[in-house]
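Chemist: Whatever this is, show me its structure:
(one chain, ligands or ions: 1)
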Amino acid sequence: MAAILQIDKLSKQYADGTAALHDVTFSLEPGEFVAVIGPSGAGKSTLLRCINRLVEPTEGSVLFDDIHSDKANRRQVQQLRRQVGMIFQGYNLVERVSVLHNVLHGRLGYMDPIRGALGLFSNHDKQEAKALLVRLGLEQQIYKRADELSGGQQQRVGIARALCQKPKLMLADEPIASLDPLTSKVIMDYLYRICREDGIACMVNLHQVDVAKSYATRIIGMHKGKIVFNGRPDELTDEAIAHIYGGSPVKE
Ligand SMILES: Nc1ncnc2c1ncn2[C@@H]1O[C@H](COP(=O)(O)OP(=O)(O)OP(=O)(O)O)[C@@H](O)[C@H]1O
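Modeler: The predicted model follows:
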């Protein structure tokens, strides 16, 4: 199957000289659910953000569905961002507006900017946004303000907003880091099930190895800006985990 995402020799050095990514190469096939694990500072967030150009890579290329992100013009970056949904640890909702409006923000990339700024969403978009909220078990919360919701409910709104973009790829940057274990399971169950049902490829940064092992179809392990593991969950041995988190060499 043709890759939906092809990352080649990607490196990122921040302005202060921090080398966050070094020579990262991998590809993602449609429908894969990939967990990215690694210690704090390994470069997981930088990697995700280089994919949708929230961070400019220093070297290397990102090819997403025929768009060379590194060479893309403004129109192509906009096209890329429409097709790549993003879920954040802190949910990134507009707190004082309704849950429905937050979800509709996922349509802004498809709209005339003036209609978008005025909040003139079509009835079709509103129906789709409501259907997504029902799918995420939030039918009672549709007209509430976002800041009236619990953390787990807010993250479900974040997922609905990303789905409203009709993405081909979902990037989730530590989506459960601020949630308790029970709520984390609910969020991971929704994210996994919906991505699998809708054929959306997903890359999710996680701190919890056990969570990565129970959901991912593939795991990428990072250490100091490099990929040091790329394999199936059953290949992630204790030794491989020690290598990712401690940098010890993997025996051949
Ligand atoms: N804007 C920035 N400017 C300078 N250095 C940065 C910036 N953002 C991240 N870094 C550095 O780049 C490295 C990788 O950071 P990144 O946030 O990508 O790692 P991470 O694996 O996602 O970490 P965590 O799990 O703690 O979120 C770290 O050394 C970090 O301090």
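
Chemist: Same question for the lowest-mean-pLDDT helix or strand in the chain: list its buried residues.
Modeler: When the helices and strands of the chain are scored by mean pLDDT, DSSP states H and E, helix 113-117 comes last with a mean of 82. Judged by neighbour count using 16 or more other C-beta atoms under 10 Å, the buried positions of helix 113-117 are Gly116. Glycine gets a C-beta too; all of them are placed from N, C-alpha and C.

Chemist: I'd like the next helix or strand past that helix.
Modeler: For helix 113-117, the succeeding helix or strand toward the C-terminus, using DSSP states H and E, is helix 123-135.

Chemist: Which strands and helices lie in contact with that following helix?
Modeler: In terms of contacts (3 or more C-beta pairs under 8 Å, 6 or more residues apart in numbering; DSSP states H and E), helix 123-135 is packed against helix 99-104, helix 151-164.

Chemist: Which strands or helices does the least confident helix or strand of the chain pack on?
Modeler: Checking 3+ C-beta pairs under 8 Å, 6+ apart, helix 113-117 ends up next to no helix or strand.

Chemist: one step back: out of the helices and strands packed on helix 123-135, which gets nearest to the ligand?
Modeler: Closest to the ligand of the helices and strands packed on helix 123-135, according to C-beta to the nearest ligand atom: helix 151-164, at 16.7 Å.

Chemist: before we move on, the earlier item: could the helices and strands packed on helix 123-135 go into a markdown table alongside mean neighbour count?
Modeler: Formatted as a markdown table, the helices and strands packed on helix 123-135 follow (neighbours: other C-beta atoms under 10 Å):
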| stretch | mean neighbour count |
| --- | --- |
| helix 99-104 | 24 |
| helix 151-164 | 24 |
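
Chemist: Out of the ones you listed, which is closest to Pro233?
Modeler: Relative to Pro233, the nearest member of these by C-beta to C-beta is helix 151-164, separated by 22.3 Å.

Chemist: Dump that closest one to CSV, restricted to CA.
Modeler: In CSV, the C-alpha atoms belonging to helix 151-164 read as follows (Å, rounded to 0.1, in the frame of the first residue of the first chain):
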residue,chain,number,x,y,z
GLY,A,151,-11.1,17.4,31.1
GLY,A,152,-12.1,14.1,29.5
GLN,A,153,-15.2,15.7,27.9
GLN,A,154,-13.1,18.6,26.6
GLN,A,155,-10.7,16.2,25.0
ARG,A,156,-13.6,14.4,23.3
VAL,A,157,-14.6,17.9,21.9
GLY,A,158,-11.0,18.2,20.7
ILE,A,159,-11.3,14.9,18.9
ALA,A,160,-14.6,15.9,17.4
ARG,A,161,-13.1,19.2,16.2
ALA,A,162,-10.2,17.3,14.5
LEU,A,163,-12.7,14.9,12.9
CYS,A,164,-14.8,17.7,11.6
